[in-house]
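In: build the 3D model from these lines:
(chains A, B, C and D)
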There are 2 protein chains.
Amino acid sequence: MPKIGMEPMRRKALIDATISAIGERGSLDVTMSEIAGRAGVSSALAHHYFGAKDELLFATMRHILAELNTDTRRAFGLAVTPRQRVSAVVAVSFSDDQFQPQIIAAWLAFYVEAQKSSDLRRLLRIYARRLHSNLMSGLTGILPWAEADRVAEATAALIDGLYIRRALKDGVPDAQTAIALVEDYLETKLNGRSLP
Amino acid sequence: MPKIGMEPMRRKALIDATISAIGERGSLDVTMSEIAGRAGVSSALAHHYFGAKDELLFATMRHILAELNTDTRRAFGLAVTPRQRVSAVVAVSFSDDQFQPQIIAAWLAFYVEAQKSSDLRRLLRIYARRLHSNLMSGLTGILPWAEADRVAEATAALIDGLYIRRALKDGVPDAQTAIALVEDYLETKLNGRSLP
DNA sequence: TATTTTTTATTGACGCGTCAATCAATAAAA
DNA sequence: TTTTATTGATTGACGCGTCAATAAAAAATA
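Out: Okay, here's the model as predicted:
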């Protein structure tokens, strides 16, 4: 019973299914049939809408990045001081929407895949640059540029590191501990420089 | 022209070939034939010595971990003060032997694979615990336990994060910058608490 | 010492399963 | 009747793991 205008719904369902499949398997080694099955359609339909598997994976990563960006913009709207902007970036990174097993597994898996695919690599570079830039937008209001750049670099690495360690389910357990660690770093780093 | 006592040589050659293959492809998606070819033998021989592919990969990760541990022990031998022990851990993590594209790619790929394989997960947990313990062996001589634990956690995350970002070849370029970032964090963290 | 037997090393060929991608066919809307 | 939606069946490639076969060293036996 084919109705008209199914495409956007199917695309979204397939992308959601991809995320959940990756989250469960823990890697991109998921079959098109598996994904299609979760979306309630045949594998042929997945190919119909996305072409090759690469494109579905690419669209999925792009979707994750877009959601992260949306969340960050929203959080920026509520932040007024530079310090709050920095905290907003951290908070979004470890929010319930982002810091969940499925998304974490996807990030990790896509990092690996980016080694092969230049398209994905470009996408992840955009994320890295955007994260850095978002952090800088707050830090430059507190520290001189060179130092702000350093702190941004370290904070970004810290966030990524906490993600990867979360994937192991060892060490950092929950989002609150992760946020506390990053904020603690920022606090000592930002307070320390205002005294002497 | 089969000589006796080939096993240890072949095993080492195959593990080395595995690392270089993973490093080049950037993932564990390397065929047994590819690996065997690099080691100068047939794929059948690789199976003869290691059984399934999983076991070869496992042996490879174990080898990487063992080398990291050896390097760390050696560095600890030269460290006398607690502060030097901490720096030793950092230095080894970013030493020329460890912080090279091949090894970094392998770490990343194995992190992903650990999601599927409980054996690999156990191995990586050992690494995480050992890293934490090595850091603590120095930090507990400087900070009270609870704080040392936190700093160890953050430092470990920082190291892992710098590894993952290095894989993207964006952000942190060389080992020296990475070391500087971690040391800078440690410096502010350790000096800050000794004053009040 | 000469021989036979066993063990170790090694590979080419192949079967079997898996999976991405295609295609022809069906059916309902426009 | 043209377009959109949908799938079952099929194909073709690829890769893991096995196996029988070969050959040389080592051990055992005569």
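
In: could you list the low-pLDDT ranges of chain A?
Out: Scanning chain A with the threshold set as pLDDT under 70 gives A:1-2, A:170-173, A:192-196.

In: so which residues of chain A form helices?
Out: Counting by DSSP state H, chain A has helices at residues A:7-25, A:32-39, A:43-50, A:53-78, A:82-93, A:101-113, A:118-139, A:145-167, A:175-192.

In: for the second one, packing partners?
Out: Applying 3 or more Cβ pairs under 8 Å, 6 or more residues apart in numbering or on different chains; DSSP states H and E, we find helix A:32-39 packed against helix A:7-25, helix A:43-50, helix A:53-78. To be clear about C-beta, it is placed using only N, CA and C from the backbone, and glycine gets the same treatment.

In: most tightly surrounded among those?
Out: helix A:7-25 (a mean of 18; mean count of other Cβ atoms under 10 Å in any protein chain shown).

In: got the CA positions of that helix in CSV?
Out: Provided in CSV are the C-alpha atoms of helix A:7-25 (Å, rounded to 0.1, in the frame of the first residue of the first chain):
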residue,chain,number,x,y,z
GLU,A,7,10.7,9.6,1.2
PRO,A,8,11.4,11.9,4.1
MET,A,9,9.9,9.5,6.6
ARG,A,10,11.8,6.6,5.3
ARG,A,11,15.1,8.5,5.2
LYS,A,12,14.7,9.5,8.8
ALA,A,13,13.7,6.0,9.9
LEU,A,14,16.6,4.5,8.1
ILE,A,15,19.1,7.0,9.7
ASP,A,16,17.6,6.3,13.1
ALA,A,17,17.8,2.6,12.5
THR,A,18,21.5,3.0,11.4
ILE,A,19,22.3,4.8,14.7
SER,A,20,20.6,2.2,16.8
ALA,A,21,22.2,-0.7,14.9
ILE,A,22,25.6,0.9,15.2
GLY,A,23,25.0,1.5,18.9
GLU,A,24,24.1,-2.2,19.4
ARG,A,25,26.9,-3.7,17.4
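
In: can you give me the angle that helix makes with helix A:43-50?
Out: Orientation of helix A:7-25 against helix A:43-50 (axes from the mean of the first three to the mean of the last three Cα atoms, to 10 degrees) gives an angle of 120 degrees.

In: helix A:7-25 near DNA strand C anywhere?
Out: No - Helix A:7-25 does not reach DNA strand C (Cβ under 7 Å from any atom of the strand); its nearest approach is 9.9 Å.

In: and that helix, how far from the chain's centre?
Out: Helix A:7-25 sits 16 Å away from the centroid of its parent chain (Cα atoms, centre = their mean, to the nearest Å).

In: neighbouring contacts of it?
Out: A:28, A:30, A:34-41, A:45-46, A:49-50, A:56-57, A:59-60, A:63-64, A:101-103, A:105-106, A:109, B:115-116 (Cβ atoms under 8 Å, 6 or more residues apart in numbering or on different chains).

In: keep those residues, but drop any that are not near DNA strand D.
Out: Within the contacts of helix A:7-25, those near DNA strand D by Cβ under 7 Å from any atom of the strand are A:40, A:41, A:45.

In: which one of the helices of chain A lies nearest to residue B:75?
Out: Closest to residue B:75 of those is helix A:145-167 (Cβ to Cβ; 21.3 Å).

In: please see if that closest one touches chain B.
Out: Yes - using Cβ under 8 Å from any Cβ of the partner chain, helix A:145-167 reaches chain B at A:150, A:153-154, A:156-162, A:164-165, A:167.

In: which one (most neighbours) among those residues?
Out: Compared across the residues of helix A:145-167 next to chain B, residue A:162 has the highest neighbour count, 29 neighbours, by other Cβ atoms under 10 Å in any protein chain shown.

In: so that residue sits against residue B:161, correct?
Out: Yes - the criterion here is Cβ atoms under 8 Å, and residue A:162 meets it with residue B:161 at 7.4 Å.

In: and for these two, which residues touch both?
Out: Shared contacts of residue A:162 and residue B:161, defined by Cβ under 8 Å, 6+ apart, are absent.
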